[in-house]
Each structure stands twice: as C-alpha cells, then as structure tokens.
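Trainee: got a predicted structure plus its sequence, pasted below:
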Amino acid sequence: QKEVEQDPGPLSVPEGAIVSLNCTYSNSAFQYFMWYRQYSRKGPELLMYTYSSGNKEDGRFTAQVDKSSKYISLFIRDSQPSDSATYLCAMSEGSGYSTLTFGKGTMLLVSP
Amino acid sequence: KAGVTQTPRYLIKTRGQQVTLSCSPISGHRSVSWYQQTPGQGLQFLFEYFSETQRNKGNFPGRFSGRQFSNSRSEMNVSTLELGDSALYLCASSRDGEETQYFGPGTRLLVL
C-alpha cells in the first residue's frame, strides 16, 4: 500500500461545477497537508496549506482534513476552464526537515 | 519577489553521460529539496539540503548526488545516466522550520 493514494482521473466537469478532489494516506504521523496545482510542463504551485484536522477556505478553494479517517479533500467552487490542471496532494510529518510525500495527482478537465 | 529558478530547462543526454542541474531558491530560503517526477512514479523525493549539508535523502542510487553552496544555491548531479532517468527534475525551496515548499519550473531531462 502506497503512503498516499490519489485517483489519477481524469476528472471531467462542466464550467461552474463544484469539484471534489481527494487523497487517503496511511501514515498517522502526517500533520501538515498541502494541495499543489500543476499545469502541463510547469512546476507545482502551492494552493492550500493546512495543519492537522479541520477546514480552510481561500476564495473558491476549500481544503478539508480528517485525520481520524486519514482523508483529505480539496473542493473547488464555480470551476473555470483555467482550473484545468493536475492537482497533487502532499503531506509531511512536521519534523522540520521539509520532506513532502506526494500523491500521484488527479488530472482535472473543466470544459467551457 | 523572484521565485525558484532552475537551469537548464531542457536537456538531452545519452546513456552513460553525466548531467548537472542547477537551482536558485527564493531569497531568504535556506532549505532546498530535489524531486524526480515521472508519469509512472509521480513526485519522488531525492534529497534536501540546508546550510550546505544534506539533511535528508530519498531512496535513490548513489548515482544521484547534490550539493549546496553558501548562497543556498544548489546543484544535483546524475552520473552514468540510464534511460529510466528521463524525468522532470524539480527543485523546491522553503524557510527553515516551515513545511510549505515552493517549486521551480523544473528541468526536463531526456536520456537517449
């Protein structure tokens, strides 16, 4: 079993839809959770960052962490064609050594 | 504020050759991490440097090495290239003690 599981997609939605992206993990020591967006042939861009369980909202994006279920989610409201990208979840134990463990990414396609 | 820069952006090498990739972190960031990204394995951690010292190392063979200079710039070297080394090599920087990492655009390496 991989440490972080993420459905590769592609996930195709129409413009304006609410998108739900998810990751599960097995390492209960993970405390810091991040979502990155990666456009084709570009480096990952940090979208959201949360510590421990709970919700965090930033504009159209909401990140949720449920440590009891080892499950994290990213919701995108009013999705736009410009949201079409691969979304990577990442997490770390918070040891201060800055080692992130990534999911393989979910490809999202938002059609106009 | 300038982001993480990586040079070169693209490289084509042949098997058996060696290659050196360069990374300049965001100003004030002293931690530099390197990752290999392939379609099959996703993002995999190579190593992390802080204050010119390797603090963490992933599960890669000794052909992969790196170093960091006093100005926090970092280089990674791959010797005796193999076809399987073809990948996007990403560099990320962070402030010491912070879990969030900021990525550069990557160097795309093709080994023929």
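Mentor: Arrived safely, thanks for sending.
Trainee: list the residues that contact the closest residue to B:Asn59 other than its chain neighbours.
Mentor: Residue nearest to B:Asn59 in three dimensions, not counting chain neighbours: B:Gln44, with 8.0 Å by C-beta to C-beta, 6 or more residues apart in numbering or on different chains. For every residue, glycine as well, the C-beta is placed using N, CA and C. Contact analysis of B:Gln44 by C-beta atoms under 8 Å, 6 or more residues apart in numbering or on different chains lists B:Tyr35, B:Gln36, B:Gln37, B:Thr38, B:Gly58, B:Asn59, B:Phe60.
Trainee: now with 10 Å?
Mentor: Residues counted as contacts of B:Gln44 (C-beta atoms under 10 Å, 6 or more residues apart in numbering or on different chains) are A:Thr101, A:Phe102, B:Trp34, B:Tyr35, B:Gln36, B:Gln37, B:Thr38, B:Gly58, B:Asn59, B:Phe60, B:Ala87.
Trainee: can you flag the buried ones in the residues you listed?
Mentor: Buried members of the contacts of B:Gln44, counted by 16 or more other C-beta atoms under 10 Å in any protein chain shown: A:Thr101, A:Phe102, B:Trp34, B:Tyr35, B:Gln36, B:Gln37, B:Phe60, B:Ala87.
Trainee: circling back to that earlier point, just give me the closest of the contacts of B:Gln44 to B:Leu21.
Mentor: Nearest to B:Leu21 among the contacts of B:Gln44, counting by C-beta to C-beta, is B:Trp34 at 8.2 Å.
Trainee: would you map the strands across the chain?
Mentor: All of this is about chain A. Taking DSSP state E to define them, one finds strands in chain A at A:4-5, A:11-14, A:19-25, A:32-38, A:45-51, A:54-58, A:61-66, A:71-76, A:85-92, A:101-102, A:106-111.
Trainee: could you do chain B instead?
Mentor: B:5-7, B:10-13, B:19-24, B:31-38, B:42-50, B:53-57, B:64-68, B:74-78, B:87-94, B:102-103, B:107-111.
Trainee: dump these into CSV; add mean pLDDT as well.
Mentor: Listed next are these as CSV, based on pLDDT from 0 to 100:
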stretch, mean pLDDT
strand B:5-7, 97
strand B:10-13, 97
strand B:19-24, 98
strand B:31-38, 96
strand B:42-50, 94
strand B:53-57, 92
strand B:64-68, 97
strand B:74-78, 98
strand B:87-94, 96
strand B:102-103, 95
strand B:107-111, 97
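Trainee: one step back: format the strands of chain A as a markdown table; extra columns: mean pLDDT.
Mentor: Formatted as a markdown table, the strands of chain A follow (pLDDT from 0 to 100):
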| stretch | mean pLDDT |
| --- | --- |
| strand A:4-5 | 94 |
| strand A:11-14 | 97 |
| strand A:19-25 | 97 |
| strand A:32-38 | 96 |
| strand A:45-51 | 92 |
| strand A:54-58 | 92 |
| strand A:61-66 | 96 |
| strand A:71-76 | 97 |
| strand A:85-92 | 96 |
| strand A:101-102 | 93 |
| strand A:106-111 | 97 |
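Trainee: those strands into JSON lines, with extra columns for distance to B:Pro8?
Mentor: Shown next, in JSON lines, are the strands of chain A (distance: least, C-beta to C-beta, whole Å):
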{"stretch": "strand A:4-5", "distance to B:Pro8": "30"}
{"stretch": "strand A:11-14", "distance to B:Pro8": "33"}
{"stretch": "strand A:19-25", "distance to B:Pro8": "32"}
{"stretch": "strand A:32-38", "distance to B:Pro8": "20"}
{"stretch": "strand A:45-51", "distance to B:Pro8": "21"}
{"stretch": "strand A:54-58", "distance to B:Pro8": "34"}
{"stretch": "strand A:61-66", "distance to B:Pro8": "33"}
{"stretch": "strand A:71-76", "distance to B:Pro8": "33"}
{"stretch": "strand A:85-92", "distance to B:Pro8": "23"}
{"stretch": "strand A:101-102", "distance to B:Pro8": "24"}
{"stretch": "strand A:106-111", "distance to B:Pro8": "27"}
